[in-house]
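# build me a model from this:
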Amino acid sequence: MQAPSLGGVQVPRGNGNTVVRLRHGASLNDFADKIDANPAALVTVLFHLGEMATATQSLDEDTFGTLATELGYQIEMVSAEEEDRELLGSFDIDLEAEEADESDDDLAIRPPVVTVMGHVDHGKTKLLDAIRKSDVVAGEHGGITQHIGAYQITHEHEGTERAITFIDTPGHEAFTAMRARGAQVTDIAILVVAADDGVMPQTVEAVNHAQAAGVPIVVAVNKIDVEGANPAKVRQQLTEYNLVAEEYGGDTMFVDVAAKPGIGIDNLIEAVLLTADAALDLRANPSKDARGVAIEANLDKGRGPVATVLVQSGTLHVGDAIVAGTAYGRVRAMFDEHGNSVEAATPARPVQVLGLTSVPGAGDTFLVAPDDRTARQIAEKRQAAERAATLAKRRKRISLEDFDSELKKGKVESLNLILKGDVSGAVEALEDALLKIDVGEEVELRVIHRGVGAITQNDVNLATVDSAVIIGFNVKYGERVEELAEREGVDVKFYSVIYQAIEDVEAALKGMLKPEYEEVQLGTAEIRQVFRSSKFGNIAGSVVRSGTIRRNSKARVLRNGTVVGDNLTIESLRREKDDVTEVREGFECGIGLGSFNDVTEGDTIETFEMREKPRD
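Model prediction:
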């Protein structure tokens with residue numbers, strides 16, 4: 001029904017329960033389409049609500065929420081996955097329906113996909129090289145392997161030749177970055193731990209990341225041939241992280257290896273296959289259009305965009321029209337890790353693909369489209385949606401201050417924390433103290449990662465995936481990490497007193513934590529002459545002594561060091577005959593303080609703003 005809203009404009013109103021679904025980064029035009037309204041009318045309504053926006057401008061969820069409440073609607077923001085599903089649905093591509101229609105007869109066994117993770121210098125690269133050399137097929141080809149980010153080996157297991165795909169990523173950073181983009185690629189993680197070094201900070205990170213993804217872990221205890229090697233110590237240390245060896249009565253397979261001389265490699269591959277057979281149902285439908293993930297991509301001078309893709313279901317053929325993220329094209333050629341041309345890639349097969357028009361991102365999903373035109377349209381719509389979401393105000397993830405309100409809305413059930421400190425003892429003490437906080441059964445506190453050293457991009461990635469708050473104890477950001485945390489909206493808190501951190505987390509869990517604000521001085525001006533105006537009241541002719549005087553900033557008036565007027569606002573600011581927004585140090589200006597007229601020559605006008613105070 002039509003009803004006048006703010007400003008007298010005619011806007012269709014909802015009944016208070018009408019739900020409108022919008023994608024992230026939507027504009028007023030999109031909202032207007034959904035409710036059959038004139039976009040210009042919505043611009044007017046929003047203006048009267050104190051928000052300035054154009055009809056085509058991307059807006060955030062809070063702004064839409066304010067507008068929707070005023071008009072009697074409820075906003076439901078569509079997640080990126082749902083948005084993509086709806087986009088594909090408009091092209092008659094329904095991936096979920098495809099999977100639901102598959103019967104057991106359609107599914108065939110596929111090779112496991114394995115990622116190797118661990119601490120730096122513990123021998124990940126050497127181990128991967130040793131595994132490559134053990135490949136029975138590669139042995140026939142002379143063992144020459146190109147670096148394509150992923151490769152497949154063949155191993156004889158119980159009289160049958162079995163294939164295993166290895167993803168050669170730069171470690172758990174890439175693993176988590178891909179998880180952050182929704183790419184669940186890995187079936188099994190091999191955790192490499194040096195027998196002479198034991199469990200190190202990055203080892204713990206790798207364990208946390210694999211466990212957070214719910215991926216089974218096989219531990220490769222490397223360098224057993226080195227002096228000082230103590231494999232038993234590694235087994236003992238990892239029990240603290242819920243990795244209990246089978247010989248200790250647990251269910252994690254530990255294999256002693258020495259990558260350089262090639263000791264124990266076959267046993268490790270056997271352990272991977274046994275784990276895959278025991279813990280996972282690895283089957284996929286090879287007889288449909290291919291779906292999968294781009295593992296990595298680069299721009300090659302001679303060949304153009306080159307993407308390494310991992311087929312997860314279906315079969316990818318040369319000549320297929322594909323879309324990978326916002327890139328699209330037709331598969332001109334495919335190559336395996338040995339540089340051999342491949343005509344078709346089956347599930348869990350990694351191949352290099354040529355023919356895309358641009359470089360996709362690592363972790364972007366790819367799919368085969370019915371034709372070139374459809375592939376281009378899907379990619380262009382994804383690009384437009386991505387641009388709109390970027391232009392919208394950055395989304396704010398969970399923070400300690402808003403945890404209670406998010407809990408009441410039912411958006412969170414647990415507070416996930418990442419703890420980083422200067423020494424491991426302090427981190428352990430902080431974790432123990434936090435886990436002892438008792439706030440009843442309605443909310444759970446989980447420490448999903450703890451570590452020593454500066455806050456890294458990896459920590460922010462993990463916080464992004466699991467909506468976690470990062471707590472830094474006597475540490476700061478690593479290089480370029482602050483910008484990433486800002487961009488992703490991850491809440492990072494720094495403390496130097498352990499009890500302050502405990503109090504804040506407890507207060508957040510109990511819904512009592514409020515942001516602390518401090519006053520920050522912007523500028524001061526000395527009044528030289530007072531001009532009387534019947535229209536504007538007294539105007540203070542002043543010279544700016546320090547900082548900057550800005551229109552609309554908070555102000556107070558001081559006389560001989562004593563406050564004579566507080567909680568004022570710079571309502572007008574003129575320089576000569578012009579209205580200005582700010583005047584810098586050393587310049588003269590006319591300042592109007594609204595209805596406050598008690599100003600005299602020699603007074604000082606001090607301007608300030610309230611900023612959220614970082615906690616100690």
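
# so which residues of the stretch 451-600 of the chain form strands?
468-473, 492-495, 517-533, 537-550, 554-559, 562-569, 572-575, 578-579, 582-584, 588-592 (DSSP state E, counting those that start in this stretch).

# just these: most buried one?
Most buried of those by mean neighbour count (mean count of other Cβ atoms under 10 Å) is strand 468-473; its value is a mean of 23. For glycine as for every other residue, the C-beta is placed from the backbone atoms N, C-alpha and C.

# who does that strand touch, helix- and strand-wise?
Contact here means 3 or more Cβ pairs under 8 Å, 6 or more residues apart in numbering; DSSP states H and E; on that basis strand 468-473 packs against strand 414-421, helix 424-435, helix 457-466, strand 492-495, helix 498-509.

# tell me the average confidence for the last one?
Averaging pLDDT along helix 498-509 gives 83.

# for it, C-alpha coordinates in CSV please.
Provided in CSV are the C-alpha atoms of helix 498-509 (Å, rounded to 0.1, in the frame of the first residue of the first chain):
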residue,chain,number,x,y,z
ILE,A,498,46.9,-9.7,32.1
TYR,A,499,44.1,-8.9,34.5
GLN,A,500,42.8,-6.2,32.2
ALA,A,501,42.4,-8.7,29.4
ILE,A,502,40.6,-11.2,31.7
GLU,A,503,38.3,-8.4,33.0
ASP,A,504,37.4,-7.3,29.5
VAL,A,505,36.7,-10.8,28.1
GLU,A,506,34.6,-11.6,31.2
ALA,A,507,32.7,-8.3,30.8
ALA,A,508,32.1,-9.1,27.1
LEU,A,509,30.8,-12.5,28.0
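
# now that helix against strand 414-421, angle please.
Angle of helix 498-509 versus strand 414-421, following axes from the mean of the first three to the mean of the last three Cα atoms, to 10 degrees, is 170 degrees.

# quick one: buried residues of helix 498-509?
498, 501-509 (16 or more other Cβ atoms under 10 Å).

# residue 535 - how many residues pack around it?
5 (other Cβ atoms under 10 Å).

# that one and residue 557, how far apart?
Relative to residue 557, residue 535 is positioned 21 Å away (Cβ to Cβ, to the nearest Å).

# next: residue 601.
12 Å.

# quick one: low-confidence ranges for the stretch 301-450 of the chain?
Residues of the stretch 301-450 of the chain meeting the criterion pLDDT under 70: 389-413, 425, 439-443.

# same deal with the chain?
1-9, 79-81, 135-148, 169-183, 389-413, 425, 439-443, 510-516, 614-616.

# most centrally placed residue in it?
residue 464 (3.6 Å; Cα atoms, centre = their mean).

# how near is that residue to residue 260?
Distance, residue 464 to residue 260, by Cβ to Cβ: 37 Å.

# again, but for residue 64
On the measure of Cβ to Cβ, residue 64 and residue 260 end up 59 Å apart.

# higher neighbour count, these two?
Taking other Cβ under 10 Å, residue 64 and residue 260 do not tie; residue 64 has more neighbours (23 against 15).

# for the residue nearest to that one when sequence neighbours are not counted, what is the enclosing helix or strand?
Using Cβ to Cβ, 6 or more residues apart in numbering and skipping residues adjacent in sequence, the residue nearest residue 64 is residue 75, 4.8 Å away. According to DSSP states H and E, residue 75 maps onto strand 73-78.

# pull out the buried residues from that strand.
Under the neighbour-count criterion of 16+ other Cβ under 10 Å, strand 73-78 has 73, 75, 77 buried.

# for that strand, name the packing helices and strands.
When contacts are defined as 3+ Cβ pairs under 8 Å, 6+ apart, strand 73-78 sits against strand 18-23, helix 61-71.

# quick one: the longest one to strand 73-78, angle?
Right, helix 61-71. When the same axes, to 10 degrees is applied, the directions of helix 61-71 and strand 73-78 differ by 150 degrees.

# residue 287 contacts residue 107, doesn't it?
No: taking contacts as Cβ atoms under 8 Å, residue 287 lies outside contact range of residue 107: 10.0 Å.

# in terms of neighbours, single out the busier of those two.
residue 107 (16 against 11).

# report how many residues lie close to the closest residue to residue 349 other than its chain neighbours.
The shortest distance from residue 349 to any non-neighbouring residue, by Cβ to Cβ, 6+ apart, is to residue 311 (5.2 Å). Residues lying near residue 311 (other Cβ under 10 Å) number 25.
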